[in-house]
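In: kindly return the folded structure for what I paste below:
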Amino acid sequence: MKQSLLTVEEKELLSKAARLMEELIETIEVAEDKELVEDVETALKEVREGRTRPLSDLVKELKLESEIQA
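Out: Sure, this is the predicted structure:
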């Protein structure tokens with residue numbers, strides 16, 4: 001029987017660390033995208049100003065009622 005170099009717990013920890021690194025890289029990529037950052041800031045400003053509408057209205061407008069339950 002072969003013996004593993006890592007315990008089950010160590011493998012799980014390594015897997016979690018890898019997922020966190022992937023998330024961090026994605027966050028950095030988003031932060032470096034100036035246009036995306038500006039779009040998010042604009043959207044947040046619109047939300048603070050109350051310039052939103054119910055999701056159900058958008059679903060109806062796009063005729064997606066059979067695909068999405070809002």
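In: give me the domain ranges for this structure.
Out: Listed domain ranges for the chain are 1-32, 34-70 (source: automatic domain parsing).
In: in JSON lines, list the ones you listed along with mean neighbour count and mean pLDDT.
Out: (C-beta placed from N, C-alpha, C; glycine too.) Output for the domains of the chain, formatted as JSON lines (neighbours: other CB atoms under 10 Å; pLDDT from 0 to 100):
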{"stretch": "domain 1-32", "mean neighbour count": "9", "mean pLDDT": "94"}
{"stretch": "domain 34-70", "mean neighbour count": "10", "mean pLDDT": "93"}
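In: residue boundaries of the helices in the protein?
Out: Here the chain has its helices, by DSSP state H, at 8-32, 34-48, 55-61.
In: can I get the second one in CSV, CA atoms only?
Out: Extracted in CSV, the C-alpha atoms of helix 34-48 (Å, rounded to 0.1, in the frame of the first residue of the first chain):
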residue,chain,number,x,y,z
LYS,A,34,-10.7,50.7,-14.8
GLU,A,35,-13.8,50.6,-17.0
LEU,A,36,-15.4,47.8,-14.9
VAL,A,37,-14.5,49.7,-11.6
GLU,A,38,-16.1,52.8,-13.0
ASP,A,39,-19.2,50.9,-14.0
VAL,A,40,-19.5,49.3,-10.5
GLU,A,41,-19.1,52.7,-8.8
THR,A,42,-21.8,54.2,-11.1
ALA,A,43,-24.1,51.3,-10.3
LEU,A,44,-23.6,51.6,-6.6
LYS,A,45,-24.3,55.4,-6.8
GLU,A,46,-27.5,54.7,-8.6
VAL,A,47,-28.5,52.2,-5.9
ARG,A,48,-27.8,54.7,-3.2
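In: hmm, who's touching it?
Out: 30-31, 52 (CB atoms under 8 Å, 6 or more residues apart in numbering).
In: between these, which sits nearest V8?
Out: Comparing the contacts of helix 34-48 against V8 with CB to CB places V30 closest, at 33.4 Å.
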